[in-house]
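In: model the structure of this input:
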Amino acid sequence: MKTVLIILLFLSTAAHAQNAATYISRGNEYYLQLQFELAESQYRLALDKQPNNAEAGYNLANALMQQKKYKAAIEMYEDVTGSDNLNLRAAAFYNAGVSYSKQKDLPNSIEAYKSALRINPNDKEARENLQKALSELKQQQQQENKQNKGGGGMDQKQADQKLKELQQKEKELQQKMQQGQAKGQGGGKDW
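Out: Model (predicted):
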């Protein structure tokens, strides 16, 4: 009786795993046809059958990214980064970096690309995207620095000094005009 029970348990587990693989396969077909919402639903069904299936999680994250659901995609990629499959982990970090870049979250993008490169130092695309993200972050920081300096390169103290100088010149000009009007009252027009 125990043997029959073990066999039934084994068959039930195999059928359970086979269903997940079937859903992944269907999801892949939809993905290749650019039907990302249908692919997403198939990958979710696979994860319902096997919650720790890294391939289904990775594929779901890709389908979400294609739909511009970057935050949800990043969450799925983060689940996959704990996988034993190094290639899948490196790809998950790389795609998380892409998703962060699409959201203009450059610091997290940079960290994701670095993580991908730690796993696969020969990944040329990860290296190029890392350089691109670092360059964009540097430009962004330079732009913020310019804005913080008031755009003209002056700090607050320099701006106050310049304002005082302009006020002094305006005061002197008004005094000259008043003196000229006083002289002009007694002598008529000066032309």
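In: what about the chain, any weak spots by pLDDT?
Out: 1-18, 149-155, 177, 180-191 (pLDDT under 70).
In: in it, which spans are helices?
Out: Under the criterion DSSP state H, the chain contains helices at 2-32, 36-49, 54-66, 70-80, 86-102, 106-119, 124-148, 156-187.
In: where do the domain boundaries of the chain fall?
Out: In the domain annotation for the chain, the residue ranges read 17-67, 86-176 (automatic domain parsing).
In: identify whichever of these lies nearest to residue 78.
Out: domain 86-176 (6.8 Å; Cβ to Cβ). For the C-beta atoms, the positions are set from N, CA and C on the backbone; glycine is no exception.
In: now do the same end-to-end measure for the closest one.
Out: 81 Å (Cα to Cα, to the nearest Å).
In: gap between that domain and the chain center?
Out: Offset of domain 86-176 from its chain centre (Cα atoms, centre = their mean, to the nearest Å): 13 Å.
In: returning to that earlier point: would CSV of the domains of the chain with mean neighbour count and distance to residue 73 be doable?
Out: Putting the domains of the chain into CSV (neighbours: other Cβ atoms under 10 Å; distance: least, Cβ to Cβ, whole Å) gives the following:
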stretch, mean neighbour count, distance to residue 73
domain 17-67, 18, 4
domain 86-176, 15, 5
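In: nearest to residue 74, out of those?
Out: Nearest of the domains of the chain (Cβ to Cβ): domain 86-176, 5.0 Å.
In: so what's the nearest residue to residue 114 once chain neighbours are set aside up against?
Out: In this structure, residue 114 finds its nearest non-sequential neighbour in residue 130, 6.6 Å apart by Cβ to Cβ, 6 or more residues apart in numbering. For residue 130, the contacting residues are 97, 110, 113-114, 117, by Cβ atoms under 8 Å, 6 or more residues apart in numbering.
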